[in-house]
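1. build me a structure from this.
(2 chains, ligands or ions: 2)
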Amino acid sequence: MSAPGNPPAQRTSATTDSEQQNGATKAAGITAGRYIGQRTPRKEDPRLLTGRGQFVDDISLPGMLHIAFARSPIARGAIVSINIEVARDVPGVHAIYTQEDLASFKVDMISFFLVSPDIKTTPLADGRVAYVGEPVAMVIADNRYIAEDAASLVEVEYAEEDPVVSIGDARTGPIVHPGTEDNIASQMGEEEIEEELAAALKSAPHLITHKVVHQRISQSPMETRGVVVTREGAQELTLYITCQSPHLVARWVSLALGLPQTAIRVIAKDVGGGFGLKNHPWKEETAVILAALLFDRPLKWIEDRYENLTASCQAREQEMVLQVAFDNDGRLLASHGDYSVNNGAFPQLSESNIAVHMFLWAAHKMPAYGFLTRGWYSNTPGYAAYRGPWGMETLIRETALDVAARRIGIDPIEIRRRNLLRLEDQPTESCMQVQLEDITPAECLDKLLANFDVAEFRTEQEAQRKEKRYLGLGIATYIEPTGGAGSIPTMTGELAQVRIEPTGKVTATMSTHSQGHGTATTMAQIFADRLGVSYEDVTVFEGDSSRGGFSPGAAGSRQGVIAGGAAIMAADLLAARVKQLAAHVMDVTPELITMDDGMLRVEGNAEKSRSLAEIANIAYGEPDRLPAGFESGLEAQYRYQPPPMTFSSAANACIVEVDAGTGFVKILRWISSEDCGTAINPSVVEGQISGGLAQAIGMVLMEKVGFDERGNPTAATYKDYHLPAISDIPDFEFLHASTPSQSVGGMRGVGEGGAIIGVPTLVNAIADALVPFGEVPVELPLTPTKLLSVIEGRDLGEKPAGEQPVIAASQPVRVEVTPAVITTDESTAARIDGDWNMALSTPMGAQEMTGHFETSGEALSGYLSSPEGQMAFTGTVTGNKLQFDLRVVKPMKITLKYNLEVNGDRIAGKCKMGIMGSMKVSGQRAP
Amino acid sequence: MSTHNIEMTINGRRHTGAVEARVSLADFLRDGAGYTGVHLGCEHGVCGACTVIVDGRAVRSCLMLAVQADSSTITTVEGLAAPDGTLHTVQQTMMDEHGLQCGFCTPGIVMTMAALTAGGKKPTEAQLLGALSGHLCRCTGYQGIRRAAQRLTATDSREIRGGEE
Ligand code: FES
Ligand code: FES
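-> Residues are numbered from 1 along each chain as shown, chains lettered A, B, ... in the order given. Ligands and ions are numbered 1, 2, ... in the order given. You can find the predicted model right below:
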């Protein structure tokens, strides 16, 4: 059957390169556009295609030994004893370490935001284990074979306890981390829907309540985690590590271990994919670093796939219920979201994913939105990022819009058109105060529909249904915050350093980092373009913390936007210097000099010209010929600070056929219409989108990290964890819009979008195909079994692990939470007055502060002090309850409303922060 | 653990080694012979990254023991390009079609394509894509890999987008 919509023969014409390139040229203000906007071959490819890449496992150092971990076979319990004697005796074993051996190091397992964890996190298990696979001991041996032999001989006795596996378990089950009050890792928003919003929802003509359950995902880069650590002298440390930014890893290790950053060099030349898993070291990598310091030999640990699938950090497991109110025309009136994400035991960040709520309705005319958002601890591997971590917002919105369209009886495209912001509606501010100036999801949708005949598809769909063939069309739009800089300490600008060597060739040093992004290619395109040299004559060095300046590398779809801007600015500074010198040498004014093909020519005087190499030779070697005050050499650097945020937009469509006999989904066609501003290299752009879309298809149809009721992983190999293969992924067709962004060069980020928008696009197509059978519950992955249950009208009754009766452990040990001591017969002043150490749980991690309270009858006064300063307040006391407001102006004007309660030596409560909702406050009396 | 003396020809050069029986061919090629272009993505035969050509056939070197490869002739991705550096047709096609991003899966994919097109053979698109369905790539969404495969097959009649457009 041919793909409906329009004939396949026309498919490739959907790509409108010339249009795209014109856009790029205009955006960057470049007249030539010789390289920017072109599909230049990649600089990285020759070495990678010939096996000459340098991945971490390719590093071998003299005297290097190998590590294997002994890991917990249970999800929750106390370690009763560890016996390493038998393992220690295996020939070829050099040492075995447990947390006790590493305890002399003070390690602060900070987050990507450089914030200390809310719960005690150690490299190896410290007295208790909290997930299956948690590293308990590490073996140092001659080779990995021997290390694994010995690791299997480490004898650990556990007192097993019933685990908390799912979000449902976390709500009601035992406490994951003894000493905490509940399993909430992070919380924001309001527990009760505010009255006004509740009324708006209730009184609306149409109210949709839509639930989405997203499975847990393994980031699964094809290169697993790994590190080689070597100590160079007393202080210095060199790390070869597969990561997303050598600079961020150097900063992280320096802060986490309390070592001077000058002593740490991090090298990561080639990296086999990151996708959020490799932002910074975690338990195992940190343990290896400490072991190398202790044992004083180069050490290597390469995670195997079994470890990667079962014990690495994981992502996504989340549930959300969205209420959306519409008027009779399908226009949005109000909405509320209740979101939960499983943080596992030791998340890289206590995450409640506020971004889901920030961006959920940012591109829509939505009058009012409220939310409750929570992250939950459980006895599973910790949470880490995965491409588009906040993607639930697009998934739940786009699937809810389709459900609403069916319910209200309007076209799914029409419901989007009525509610999406268009360019002419901007600048504006969303209901969550997101500033919007130039987003184009509606325009991307227009473009998509201009290239795809929906009416023709609907006719064919109708005809096919009569033949009992079920075709479906899914459409989705979205915007994506990219290139963010300035709101988080680690999300910075980018530095570009570029020089014209005495040979006339161009070398640049960048802090970009490619895990497949091809930044050495795209940055070289920019330098070649702006300096008028051939692409072959430009080399970009990256992947080493000793080169360039700080940047978080690949995180938040930022490199094209920010590093691209830095490269343009640095190149332009250098070009100005070259022109100044050339003008001086040729005795003309700089405005007359043109740079092209490695030559400097004088406009209107064809006779006069110099090669770049000649000018460079003078710049470096003949100081007498330089203009007065001209610094010798031809070098420039620029650190570019972009606008705080740059948005990308897209609309996607896909067509599927669902086999009613087997429940299998076949993707027949997929069109991506996106606006990423200037595309430096359309092949790189399409590569990023395609990779993300394939990951989206994996999430919708097949991938799943599962656990049994004891918290044992049920997908331990690629036989059980299904990554999409070439046969699962269709040809993607591309339409590029190119609305230049406000950043230098006009680029918009494109790293994560495919993984975000692809998910609802495919879910919507499947739901559309199965309309004759009823609604498809959005519980990912939509396996053939689940779809058959819809087709056959059966309730599958498949319950997540947490809802099944938990089989009791052999020796269950309950961890009792000590109840707070409540004393009632003290005076108010004695109970409350004095200093309190408190922590405010924010999305950036806990913020420590001291509170000073003084009471006088019902009047309260005092101050809060934090590293940012001290602020006084007045308020009221009622019994044990304190109430006060604080007006702050940074980072935004907002009134913080505190509601706290004192119980003995503990204090707890909430701080309401305007639209951000409430955040937890907890603390105790200062000693 | 017993040790065995083995000998093989790798990329045209003779290699000898003494290995334990349990050492995989992949580990021997990487650690013993220095061919680190042989990548290990799963070590259980699913991802295909470790594929090398053993006596003319594409083989997953993580699933073969080094001792089983005694006396065989092996080509790894390092042995494909001409001595002067000219890329093998498969490598060049993959480059032209933007068939790789991080490059970790690439050696295996290239070796499978090379084995199936060796000696000027032109497999059908279905044959080549069928073989490639045994390779996992997390980066590319397979778009460039499929275009490269189509260019290497007998029925290359489709319009191809990309580098050489
Ligand atoms: S490493 Fe051999 S198939 Fe994956
Ligand atoms: S290019 Fe990265 S896994 Fe294929």
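2. only C-alpha atoms for contact and neighbour calcs from this point on.
-> Will do.
3. how many neighbours does A:Thr503 have?
-> 12 (other Cα atoms under 10 Å in any protein chain shown).
4. mind listing what it touches?
-> A:Ala613, A:Ala616, A:Asn617 (Cα atoms under 8 Å, 6 or more residues apart in numbering or on different chains).
5. state the distance from A:Glu351 to ligand 1.
-> The gap separating A:Glu351 from ligand 1 is 33 Å, by Cα to the nearest ligand atom, to the nearest Å.
6. neighbour-wise, which one of the contacts of A:Thr503 leads?
-> Neighbour tally across the contacts of A:Thr503 (other Cα under 10 Å): the maximum, 24 neighbours, falls on A:Ala616.
7. tell me the SS of that one?
-> Following DSSP: H, G, I helix; E, B strand; the rest coil, A:Ala616 is assigned to helix.
8. and the nearest residue to it once chain neighbours are set aside, what's its pLDDT?
-> Counting by Cα to Cα, 6 or more residues apart in numbering or on different chains, A:Pro502 is the residue found nearest to A:Ala616 once chain neighbours are left out, at 4.9 Å. Per-residue pLDDT puts A:Pro502 at 96.
9. I'd say A:Pro502 and A:Ala613 touch.
-> Yes: counting by Cα atoms under 8 Å, A:Pro502 touches A:Ala613, with 6.3 Å between them.
10. identify the contacts common to these two.
-> Joint contacts of A:Pro502 and A:Ala613 (Cα under 8 Å, 6+ apart) do not exist.
11. and the residue nearest to A:Arg831 when sequence neighbours are not counted, how many residues sit next to it?
-> Nearest non-adjacent residue to A:Arg831, counting by Cα to Cα, 6+ apart: A:Gly904, 7.1 Å away. Neighbours of A:Gly904 under the rule other Cα under 10 Å: 17.
12. distance of A:Gly904 relative to ligand 1?
-> 58 Å.
13. next SSE after the biggest helix by length in chain B?
-> Taking DSSP state H as the criterion, chain B has its longest helix at helix B:106-117. Beyond helix B:106-117 on the C-terminal side, the first helix or strand identified by DSSP states H and E is helix B:125-132.
14. which strands or helices does that following helix pack on?
-> Helices and strands touching helix B:125-132, by 3 or more Cα pairs under 8 Å, 6 or more residues apart in numbering or on different chains; DSSP states H and E, are helix B:106-117, helix B:143-151.
15. and the residue nearest to the spatial centre of chain B, how far from A:Gln515?
-> Per Cα atoms, centre = their mean, the C-alpha nearest to the average position across chain B is that of B:Met111, at 2.3 Å. Note on B:Met111: its distance to A:Gln515, by Cα to Cα, to the nearest Å, is 22 Å.
16. and for A:Arg422?
-> The gap separating A:Arg422 from A:Gln515 is 35 Å, by Cα to Cα.
17. likewise A:Tyr377?
-> For A:Tyr377 relative to A:Gln515 (Cα to Cα), the value is 30 Å.
18. what of A:Lys579?
-> Using Cα to Cα, A:Lys579 is found at 36 Å from A:Gln515.
19. the more surrounded of the two?
-> A:Gln515 (29 against 21).
20. does the more buried one touch A:Ala268 like I think?
-> No: if you go by Cα under 8 Å, A:Gln515 and A:Ala268 don't touch, sitting 9.5 Å apart.
21. returning to that earlier point: got the contact list for the residue nearest to the centre of chain B?
-> B:Met111 neighbours (Cα under 8 Å, 6+ apart): B:Thr51, B:Val52, B:Ile53, B:Ala58, B:Thr76, B:Val77.
22. got the CA coordinates for stretch A:480-500 in CSV?
-> What follows is stretch A:480-500, C-alpha atoms only, in CSV (Å, rounded to 0.1, in the frame of the first residue of the first chain):
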residue,chain,number,x,y,z
GLU,A,480,11.3,23.9,23.0
PRO,A,481,13.4,26.1,25.3
THR,A,482,17.0,25.9,23.9
GLY,A,483,20.4,27.6,24.4
GLY,A,484,19.4,28.6,28.0
ALA,A,485,22.1,30.7,29.8
GLY,A,486,22.2,32.6,33.0
SER,A,487,19.5,31.1,35.2
ILE,A,488,21.6,28.1,36.5
PRO,A,489,25.2,28.4,37.5
THR,A,490,26.4,25.7,35.1
MET,A,491,24.4,26.9,32.1
THR,A,492,26.8,29.5,30.9
GLY,A,493,27.9,31.2,27.7
GLU,A,494,30.5,29.7,25.4
LEU,A,495,34.1,30.7,24.7
ALA,A,496,35.6,30.5,21.2
GLN,A,497,39.4,31.0,20.7
VAL,A,498,40.6,31.2,17.1
ARG,A,499,43.9,31.8,15.5
ILE,A,500,45.3,32.0,12.0
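23. so what's the gap between that stretch and the chain middle?
-> Put simply, stretch A:480-500 sits 15 Å off its chain's centre (Cα atoms, centre = their mean, to the nearest Å).
24. which stretches in chain B count as strands?
-> Shown for chain B, the strands assigned by DSSP state E span residues B:3-10, B:13-20, B:51-54, B:57-60, B:73-75.
25. what's the most buried one of those?
-> strand B:51-54 (a mean of 26; mean count of other Cα atoms under 10 Å in any protein chain shown).
26. circling back to that earlier point, could you dump the helices and strands packed on helix B:125-132 into JSON lines with distance to A:Gln219 added?
-> JSON lines is the format used below for these (distance: least, Cα to Cα, whole Å):
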{"stretch": "helix B:106-117", "distance to A:Gln219": "19"}
{"stretch": "helix B:143-151", "distance to A:Gln219": "20"}
